[in-house]
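Novice: predicted structure and sequence below. I'll ask about it afterward.
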Amino acid sequence: MSRADVAAVVLAAGQGTRFRSDLAKVLHRCAGRSLLGHILEALKPLGLGQVVVVVGHQGDDVTAEAEACGLANLVTALQAEQHGTGHAAQMALPALDDGIRRVMVLPGDTPLLLPETLEALLAAAEDGPDAAMLTIEPDDPTGYGRVIREAGSVARIVEHRDATDEERAVREVNAGMYVFERTVLTEALGELDADNAQGEIYLTDVVEAFVARGATVAAHVAAADEVAGVNDRRQLADSAAVLRRRVLDRLMREGVTVLDPATTYVDVDVAVGADTTLFPNCILEAATTIGERATVGPNCHLVATEVGDDAEVTNTVAKHAVVGPEATVGPFTYLRPGTVLARGSKAGGFVEVKNSTIGEGSKVPHLSYVGDATIGAGVNFSAGAITVNYDGTDKHPTTIEDGAFIGCDTMLVAPVTVGAGAFVAAGSTITDDVPADALAVARQRQSNKDGWAAARRERLSGDAQ
Ligand code: UD1
Ligand code: CA
């Protein structure tokens with residue numbers, strides 16, 4: 001079946017009153033992607049002729065989000081005032097290309113949607129019926145439109161708020177996803193009114209209009225965890241849990257060990273290589289990528305961070321950082337944007353790194369701050385040493401060349417360079433460049449006063465008597 005004559009219309013103009021949010025509902029994120037993004041992603045493999053996203057509430061932001069998805073043939077249609085789902089569909093009609101024969105209408109708030117679910121909907125609309133819809137039988141049908149059947153066939157849909165007690169007892173509900181013959185849809189949408197509890201134009205009334213014309217509306221029963229709607233924050237959390245579990249199931253199929261799926265939060269865009277182990281309490285966000293045979297966790301929060309093969313990261317927060325292969329990080333380490341740890345390097349306990357490169361095999365093992373620095377290969381940056389990169393106004397760079405040794409508790413006052421193979425004595429405050437292979441000592445000389453402490457003790461005990 002050709003898909004070039006099928007358009008999807010995604011309804012994304014609503015505010016989402018039940019969210020009680022300043023942000024339009026479809027922009028809320030679920031497992032690392034907006035609600036709208038999830039729908040558009042599910043549409044990608046279908047190869048439809050056109051996708052029309054109906055925008056309204058925070059329309060510019062929703063348009064930007066829709067366009068960021070990278071779907072070909074996507075246009076937006078404006079529903080300036082939101083008078084209901086039927087009204088939203090009316091606004092989409094003028095945007096449809098001439099060649100479109102069938103229109104798939106989808107809500108913008110069903111992030112669990114899978115391409116397979118939409119395939120099933122399209123299949124239900126094939127060979128005959130003028131319309132098809134997806135239905136579900138959720139444990140709790142509250143809030144959904146009830147599917148009223150007569151002699152087994154779909155007759156109409158009654159919204160929860162308009163339903164009688166008897167109708168509310170119906171468990172089969174409307175998933176809000178349909179395929180309609182374009183010409184009949186156009187006619188039916190033209191006849192809708194807002195004579196209902198919410199004073200809105202309901203898309204669901206189109207079903208009755210189809211039936212009134214003697215058309216058949218096929219209903220395909222889908223699994224509730226494929227089409228559940230997200231109308232409030234509780235449902236957002238429920239859907240996020242399902243999405244997370246799907247991601248973890250996929251990773252485990254691909255050879256990743258997840259020690260505790262219940263406490264492992266992996267966004268949909270994260271990639272993890274085979275034979276990597278994720279320990280409990282890890283949050284991997286945005287486009288984080290983990291290589292093969294790495295270990296991550298316990299207790300890691302990685303955002304848009306790249307971790308190489310065989311690396312070890314534990315008890316760490318990292319944002320927009322790169323951890324090279326075989327590098328070790330943690331425990332209790334903070335890698336800020338622009339951090340690049342080369343192969344086999346180390347950022348150990350209570351170390352913070354920002355906008356710096358740490359060269360191959362170099363070690364920053366304990367209690368250091370490294371900011372705006374370029375550290376070569378084979379450098380030892382000992383405990384308590386820090387880059388003094390900020391003078392209160394500007395940030396300045398530090399360069400440490402290959403093989404240099406930076407003693408404990410060194411202050412490197414930037415801008416400053418320590419040459420290759422140089423040695424900086426512990427406790428130094430370095431304000432001038434250190435030549436290659438030199439020793440730099442920049443601290444006061446020690447003086448010992450023999451017997452001073454014993455004399456003090458004697459003096460104090462004399463005072464006490
Ligand atoms: C809708 C269906 C209900 C179904 C449920 C499934 C109607 C009248 N009801 O109810 O039968 O069981 O979905 O999840 O269609 N929107 C607009 N413009 C508007 C109003 C809504 O674009 O004027 C968009 C919303 O942004 C949302 C989608 O349409 O993405 C659905 O709207 P929502 O208010 O969530 O409908 P439900 O009450 O869930
Ligand atoms: Ca909804």
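Specialist: On my side now, so go ahead. Ligands and ions are numbered 1, 2, ... in the order given.
Novice: tell me how many other residues crowd the closest residue to residue 143 other than its chain neighbours.
Specialist: Among residues not flanking residue 143 along the chain, residue 160 sits closest, at 5.3 Å (C-beta to C-beta, 6 or more residues apart in numbering). The way it works is simple: take the backbone N, C-alpha and C, and place the C-beta from them, glycine included. By other C-beta atoms under 10 Å, 15 other residues sit near residue 160.
Novice: show me what contacts residue 160?
Specialist: With contact set as C-beta atoms under 8 Å, 6 or more residues apart in numbering, residue 160 has these partners: 141-146, 168.
Novice: spell out which parts of the stretch 201-350 of the chain neighbour ligand 2.
Specialist: 229, 231 (C-beta under 5 Å from the ion).
Novice: so where do the helices sit in the stretch 201-350 of the chain?
Specialist: 205-212, 224-227, 233-253 (DSSP state H, counting those that start in this stretch).
Novice: residue 259: what's it in contact with?
Specialist: By C-beta under 8 Å, 6+ apart, residue 259 lies in contact with 277-280, 297.
Novice: what does the stretch 201-350 of the chain put close to ligand 1?
Specialist: 202-204, 229, 231 (C-beta under 6 Å from any ligand atom).
Novice: again, only using 5 Å
Specialist: Selection of the stretch 201-350 of the chain residues close to ligand 1 by C-beta under 5 Å from any ligand atom yields 202-204, 229.
Novice: can you check the stretch 51-200 of the chain too?
Specialist: 82, 84-85, 88, 107-109, 144-145, 174, 176.
Novice: restrict those residues to contacts with ligand 2.
Specialist: Restricting those to those touching ligand 2 (C-beta under 5 Å from the ion) yields residue 109.
Novice: would you turn the residues of the stretch 51-200 of the chain next to ligand 1 into a markdown table with pLDDT, secondary structure and distance to residue 182?
Specialist: Listed next are these as a markdown table, based on pLDDT from 0 to 100; DSSP: H, G, I helix; E, B strand; the rest coil; distance: C-beta to C-beta, whole Å:
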| residue | pLDDT | secondary structure | distance to residue 182 |
| --- | --- | --- | --- |
| 82 | 96 | coil | 23 |
| 84 | 97 | coil | 20 |
| 85 | 97 | helix | 17 |
| 88 | 98 | helix | 16 |
| 107 | 97 | strand | 19 |
| 108 | 97 | coil | 21 |
| 109 | 97 | coil | 24 |
| 144 | 94 | coil | 26 |
| 145 | 97 | coil | 23 |
| 174 | 97 | strand | 21 |
| 176 | 97 | strand | 19 |
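Novice: before we move on, back to that, helices - which of the contacts of residue 160 land there?
Specialist: The helices, defined by DSSP state H, take in residue 168 from the contacts of residue 160.
Novice: got phi/psi on the closest residue to residue 147 other than its chain neighbours?
Specialist: Distance criterion C-beta to C-beta, 6+ apart; nearest residue to residue 147, sequence neighbours excluded, is residue 172 at 4.5 Å. When read as degrees, to the nearest 10, the backbone of residue 172 gives phi -80, psi 120.
Novice: residues contacting the closest residue to ligand 2 within the chain?
Specialist: Closest to ligand 2 within the chain is residue 229: 3.6 Å, counting by C-beta to the ion. Taking C-beta under 8 Å, 6+ apart as the criterion, residue 229 is in contact with 107, 109-110, 143-144, 175-176, 235.
Novice: so where is this protein shaky, pLDDT-wise?
Specialist: Scanning the chain for pLDDT under 70 picks out 1, 465.
Novice: domain parsing for it?
Specialist: 3-221, 250-440 (automatic domain parsing).
Novice: right, so of those domains, which gets closest to residue 239?
Specialist: Closest of those to residue 239 is domain 3-221, at 5.2 Å (criterion: C-beta to C-beta).
Novice: ok, and the closest non-adjacent residue to the residue of the chain found nearest ligand 1?
Specialist: Using C-beta to the nearest ligand atom, the single residue of the chain nearest to ligand 1 is residue 145, 2.3 Å away. In space, and not counting its chain neighbours, residue 145 is closest to residue 174: 4.0 Å by C-beta to C-beta, 6+ apart.
Novice: repeat for residue 346
Specialist: Counting by C-beta to C-beta, 6+ apart, residue 346 lies nearest to residue 363, which is 4.4 Å off, once chain neighbours are set aside.
Novice: and the one you found, bridged to which residues?
Specialist: With DSSP bridges applied, residue 363 shows beta-bridge pairing to residue 346, residue 380.
Novice: please look at it and residue 381 and confirm they touch.
Specialist: Yes: Residue 363 lies in contact with residue 381 (C-beta atoms under 8 Å); the separation is 6.7 Å.
Novice: more neighbours: which of the two?
Specialist: Higher neighbour count among residue 363 and residue 381: residue 381, with 30 against 19, using other C-beta under 10 Å.
Novice: make TSV out of the contacts of residue 229 and add neighbour count and distance to residue 77.
Specialist: As requested, the contacts of residue 229 are exported to TSV (neighbours: other C-beta atoms under 10 Å; distance: C-beta to C-beta, whole Å):
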residue	neighbour count	distance to residue 77
107	23	15
109	27	18
110	22	19
143	15	26
144	24	25
175	28	22
176	24	18
235	18	26
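Novice: is it possible to export the residues you listed to CSV including distance to residue 437?
Specialist: CSV is the format used below for these (distance: C-beta to C-beta, whole Å):
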residue, distance to residue 437
107, 69
109, 66
110, 66
143, 74
144, 76
175, 73
176, 73
235, 66
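Novice: before we move on, which element is residue 458 in?
Specialist: Here residue 458 is covered by helix 452-464, with elements defined by DSSP states H and E.
Novice: keeping just the C-alphas, turn that helix into CSV.
Specialist: What follows is helix 452-464, C-alpha atoms only, in CSV (Å, rounded to 0.1, in the frame of the first residue of the first chain):
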residue,chain,number,x,y,z
TRP,A,452,60.5,26.0,71.2
ALA,A,453,57.5,23.7,71.8
ALA,A,454,58.8,22.2,75.0
ALA,A,455,59.5,25.8,76.3
ARG,A,456,55.9,26.8,75.5
ARG,A,457,54.5,23.8,77.3
GLU,A,458,56.5,24.7,80.4
ARG,A,459,55.4,28.3,80.2
LEU,A,460,51.7,27.4,80.0
SER,A,461,51.9,24.9,82.9
GLY,A,462,53.7,27.6,85.0
ASP,A,463,50.8,30.0,84.4
ALA,A,464,48.3,27.5,85.5
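Novice: residue 153 versus residue 356, what's the distance?
Specialist: To residue 153, residue 356 is 68 Å away according to C-beta to C-beta, to the nearest Å.
Novice: ok, now residue 357?
Specialist: From residue 357 over to residue 153 the distance is 68 Å, taken as C-beta to C-beta.
Novice: what about these two, which has more around it?
Specialist: Legend: neighbour count by other C-beta under 10 Å for residue 357 and residue 153, higher for residue 357 (18 against 11).
Novice: and that one, what does it touch?
Specialist: Applying C-beta under 8 Å, 6+ apart to residue 357 gives the contacts 340, 342, 373-375.
Novice: which of those residues tops the neighbour count?
Specialist: That'd be residue 375 among those, by other C-beta under 10 Å, with 28 neighbours.
Novice: surely that residue is in contact with residue 400?
Specialist: Yes: using C-beta under 8 Å, residue 375 is in contact with residue 400, at 4.6 Å.
Novice: identify the contacts common to the two.
Specialist: residue 381.
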